[in-house]
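Colleague: need the 3D shape of this:
(one chain, ligands or ions: 1)
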Amino acid sequence: MSVLIFIDHSEGKIKKTSLEALSYGAALAKQTDVSAEGVLLGTVSDELSSVGKYGVQKIHCVSHESLNKLDAEQYISIISTIAGSCGATVIILSHTNTGRAIAPGLSAKLKAGLVTGATALPDTSAGFLVKKNVFSGKAFCTVSIKSAIKIISLNPNVYQVKSGEGSAEIIQENIPVNPALVTIKSETKASGEIPLTEAEIVVSGGRGMKGPENWGPLEELAKLLHAATACSRPVADAGWRPHNEHVGQTGIAIAPNLYIAIGISGAIQHLAGVNRSKVIVVINKDPEAPFFKSADYGIVGDAFEILPKLILAVKKLKGVA
Ligand SMILES: Cc1cc2nc3c(=O)[nH]c(=O)nc-3n(C[C@H](O)[C@H](O)[C@H](O)COP(=O)(O)OP(=O)(O)OC[C@H]3O[C@@H](n4cnc5c(N)ncnc54)[C@H](O)[C@@H]3O)c2cc1C
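Modeller: Predicted structure coming up:
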């Protein structure tokens with residue numbers, strides 16, 4: 001019996017969300033006294049055996065170039081085959097676009113109960129209870145999975161990457177790969193150096209920034225903090241920032257360790273995408289702005305006066321002022 005963890009990658013590198021899933025899966029395997037095994041489709045430049053330091057004993061690989069890009073049907077078919085051969089009773093994925101694309105199909109194929117967006121390790125003391133967010137992060141619920149095989153997709157940034165010693169055995173699986181059903185004709189890379197969903201810190205701007213020409217200081221602060229940039233929906237709608245930066249109910253939902261909201265009112269639809277952030281800092285000139293109710297720290301004042309001071313303070317802290 002095993003816990004099987006899906007390892008996702010991009011441009012030859014294992015994604016941080018997968019390191020979280022590996023650490024989570026390894027902890028669950030330890031808790032339930034079974035082995036922790038990984039499954040990797042496609043090829044990566046990372047030294048794979050070293051992934052053992054996140055707690056997996058084996059990694060099943062299907063190293064076919066065509067699997068470097070998501071093809072949900074192929075992924076579902078291969079992962080379910082490997083799950084069968086390694087006796088997986090639990091399958092862990094990240095609750096990312098890839099995880100969202102394959103977890104439901106995997107669940108249907110394996111007749112496995114699925115909990116999407118888990119926020120903590122399952123309670124296995126009596127049954128199998130998984131905690132997750134509901135109502136756009138406004139509440140928690142605990143779901144009991146009773147099927148023989150269980151699938152969990154783990155929310156990004158809720159489980160800390162844990163690494164120690166150890167190396168994993170690499171098993172090259174001889175599973176036939178069918179011609180791709182999906183062909184990617186072109187790809188447009190999202191702007192920004194750090195993917196928004198993986199960022200630990202996010203600096204976000206709203207209509208209070210007045211126009212796209214004022215984003216320089218916000219970007220400078222983001223760069224200094226090694227943060228991703230985000231924005232409210234009207235900002236993306238107005239074309240001040242690209243749509244892939246729009247967070248909220250109709251945009252991307254994020255859960256960074258630190259979310260800095262500058263000139264954003266804190267409408268309920270915006271909060272729906274950011275209220276899982278561990279710490280929220282709000283800068284707004286209106287002391288009555290609703291965002292202050294959700295903030296851990298708030299600065300009442302003009303962003304155009306505060307941002308330069310904040311940048312200077314961070315520079316001093318980093319010894320680059
Ligand atoms: C169905 C639906 C879905 C939606 N989905 C989303 C979504 O996914 N994401 C989203 O963001 N919105 C969404 N919205 C829109 C949402 O309701 C708000 O209109 C939007 O979030 C407001 O954006 P904002 O805070 O940038 O702008 P505003 O509401 O205009 O707020 C600007 C803020 O900036 C402050 N400010 C102004 N000048 C300064 C300054 N110099 N210094 C500091 N602060 C200043 C103001 O006090 C104000 O609080 C949705 C709406 C609907 C109806």
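Colleague: contact partners for Gly25?
Modeller: Val3, Leu4, Ile5, Ala36, Gly38, Gly55, Val56, Val90, Ile92 (CB atoms under 8 Å, 6 or more residues apart in numbering). Yep, even glycine has a C-beta here, placed from its N, CA and C like the rest.
Colleague: count of residues packed around the residue lying closest to the fourth one once chain neighbours are set aside?
Modeller: Taking CB to CB, 6 or more residues apart in numbering as the measure, Ala36 lies nearest to Ala29, with 3.7 Å between them; neighbours along the chain are not counted. One way to gauge burial is a neighbour count; for Ala29, by other CB atoms under 10 Å, it gives 24.
Colleague: so which bits of this structure are right by the ligand?
Modeller: Residues of the chain found near the ligand (CB under 6 Å from any ligand atom) are 206-208, 232-235, 248-251, 263-265, 267, 269-270, 273, 283-286, 289, 302-304.
Colleague: 8 Å - rerun?
Modeller: 205-210, 231-235, 246-251, 262-270, 272-273, 283-286, 289-291, 301-304, 306 (CB under 8 Å from any ligand atom).
Colleague: from those residues, which ones fall inside strands?
Modeller: Mapping the residues of the chain next to the ligand onto strands (DSSP state E) picks out Gly205, Cys231, Ile262, Ile283, Asn284.
Colleague: mind jotting down where the helices sit in the stretch 101-250 of the chain?
Modeller: 216-224, 233-237 (DSSP state H, counting those that start in this stretch).
Colleague: same list (those) but as JSON lines, adding mean neighbour count and distance to Ser125.
Modeller: JSON lines is the format used below for these (neighbours: other CB atoms under 10 Å; distance: least, CB to CB, whole Å):
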{"stretch": "helix 216-224", "mean neighbour count": "18", "distance to Ser125": "43"}
{"stretch": "helix 233-237", "mean neighbour count": "18", "distance to Ser125": "43"}
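Colleague: closest to Ser77 out of those?
Modeller: helix 233-237 (36.5 Å; CB to CB).
Colleague: wait, doesn't the residue nearest to Ala36 sit right on Leu4?
Modeller: No. Using CB atoms under 8 Å, Ala29 makes no contact with Leu4, being 9.5 Å away.
Colleague: tally of neighbours for Phe304?
Modeller: Neighbour count of Phe304, defined by other CB under 10 Å: 15.
Colleague: find the nearest non-adjacent residue to it, please.
Modeller: Asn214 (7.4 Å).
Colleague: residue of the stretch 1-150 of the chain closest to the ligand, please.
Modeller: Closest to the ligand within the stretch 1-150 of the chain is Ser136: 10.0 Å, counting by CB to the nearest ligand atom.
Colleague: contacts only, for that residue.
Modeller: Ser136 neighbours (CB under 8 Å, 6+ apart): Gln249, Ala253, Leu271, Ala272, Gly273, Asn275.
Colleague: quick check: the fifth one touching Val247?
Modeller: Yes. Counting by CB under 8 Å, Val247 is a contact partner of Gly273 at 4.2 Å.
Colleague: which neighbours do the two share?
Modeller: Ala253, Ile254.
Colleague: what's the pLDDT at the most centrally placed residue in the chain?
Modeller: Residue closest to the average C-alpha location in the chain (CA atoms, centre = their mean): Pro156, at 3.1 Å. Model confidence at Pro156, given as pLDDT, is 88.
Colleague: so where's the protein shaky on pLDDT?
Modeller: In the predicted model, the chain carries pLDDT under 70 at residues 191-192.
Colleague: mind doing that once more with 50?
Modeller: For the chain, applying pLDDT under 50 flags no range at all.
Colleague: quick one: Glu219 from the ligand, how far?
Modeller: 17 Å (CB to the nearest ligand atom, to the nearest Å).
Colleague: rewinding a little: among the ones in strands among the residues of the chain next to the ligand, which one has the most neighbours?
Modeller: Cys231 (33 neighbours).
Colleague: ok, now which ones touch the residue nearest to Ala36?
Modeller: Ser2, Val3, Ser35, Ala36, Gly55.
Colleague: how close does it get to Glu20?
Modeller: Distance of Ala29 to Glu20, given as CB to CB, to the nearest Å: 15 Å.
Colleague: please apply the same query to Gly42.
Modeller: Plainly put, Gly42 is 20 Å away from Glu20 if you go by CB to CB.
Colleague: more neighbours: which of these two?
Modeller: Shown here are Gly42 and Glu20; by other CB under 10 Å, Glu20 has more neighbours (23 against 19).
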